[in-house]
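> sequence plus the predicted model coming up.
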Amino acid sequence: MPMPEQRDIKEIEVILNEVLNTRCPPVGRCRLLSSGFGTAHALNIAENISGHKECLGCGNCVDICPFLSREPARRDKTEQRTSMALESIVGEDCDLCDACILVCPQVDTTIKSYVVNHRMVEVMSRIEGKIGDEAEPDLDLFLEEALDSE
Ligand code: SF4
Ligand code: SF4
């Protein structure tokens, strides 16, 4: 079966940046952007982009989240390990670190590369105060994993 085409960043750059700048776990919406939007998306856009990539429930995004590392009791609110669960237990407390995007197998490599190449300086500066905290996941490690998967 042929692999679906990876999303061309030029098509989605504006809406992708809106997603990345919104204080809410971004992985679910980046998953939808990876092959276009499903008909039920909640984004206020006029573009006609069809298709979407579904959540596999692998839990990678829940495991990597630094906010949940700091507040593990939030994980007890649900046994689900999906992007929807991540959104419900993190919500507006999201650090906007983009780690969940980089570890999601359903987010296109083009989007991961865009995040690494265009957003990481801003992300690193934002979370600078947290680097070195032993409770935080290793940022270098998830960057390496994301780049190795390309
Ligand atoms: S991994 Fe980072 S971007 Fe994703 S939900 Fe957690 S804090 Fe937010
Ligand atoms: S990392 Fe796994 S659980 Fe999270 S959104 Fe992607 S497929 Fe779903």
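Received, thanks. Residues are numbered from 1 along each chain as shown. Ligands and ions are numbered 1, 2, ... in the order given.

> contacts, neighbours, all on C-alpha from now
Will do.

> buried residues in the lengthiest helix in the chain, which are they?
Longest helix in the chain by number of residues (criterion: DSSP state H): helix 9-21. Judged by neighbour count using 16 or more other Cα atoms under 10 Å, the buried positions of helix 9-21 are 9, 12, 15-16, 19-20.

> same thing with stretch 105-114?
Those would be 105-109, 111-113, for stretch 105-114 by 16+ other Cα under 10 Å.

> make TSV out of those residues and add distance to ligand 2, pLDDT and secondary structure.
Converted to TSV, these look like this (distance: Cα to the nearest ligand atom, whole Å; pLDDT from 0 to 100; DSSP: H, G, I helix; E, B strand; the rest coil):
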residue	distance to ligand 2	pLDDT	secondary structure
P105	6	92	coil
Q106	5	91	coil
V107	7	93	coil
D108	11	92	coil
T109	13	92	helix
I111	13	95	helix
K112	12	95	helix
S113	16	95	helix
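
> is stretch 7-25 anywhere near ligand 2?
No - using Cα under 6 Å from any ligand atom, stretch 7-25 stays clear of ligand 2, coming no nearer than 9.7 Å.

> what mean pLDDT does that stretch get?
For stretch 7-25, mean pLDDT rounds to 92.

> what's next to it, contact-wise?
26, 29-30, 33-36, 83, 86-87, 90-96, 98, 100, 108, 110-111, 114 (Cα atoms under 8 Å, 6 or more residues apart in numbering).

> OK, contacts around the residue nearest to T82 when sequence neighbours are not counted?
The shortest distance from T82 to any non-neighbouring residue, by Cα to Cα, 6 or more residues apart in numbering, is to G57 (4.5 Å). For G57, the contact set (Cα under 8 Å, 6+ apart) comprises 80-83.

> inside strands: which ones of those residues?
Judged by DSSP state E, strands contain none of those.

> now, which of these lie close to ligand 2?
Filtering the contacts of G57 for proximity to ligand 2 by Cα under 6 Å from any ligand atom leaves 81-83.

> I'd like those residues as a markdown table, with distance to ligand 1 appended.
Converted to a markdown table, the ones next to ligand 2 among the contacts of G57 look like this (distance: Cα to the nearest ligand atom, whole Å):
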| residue | distance to ligand 1 |
| --- | --- |
| R81 | 12 |
| T82 | 11 |
| S83 | 9 |
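
> by neighbours, which of those wins?
The most crowded member of those, judged by other Cα atoms under 10 Å, is S83 (25 neighbours).
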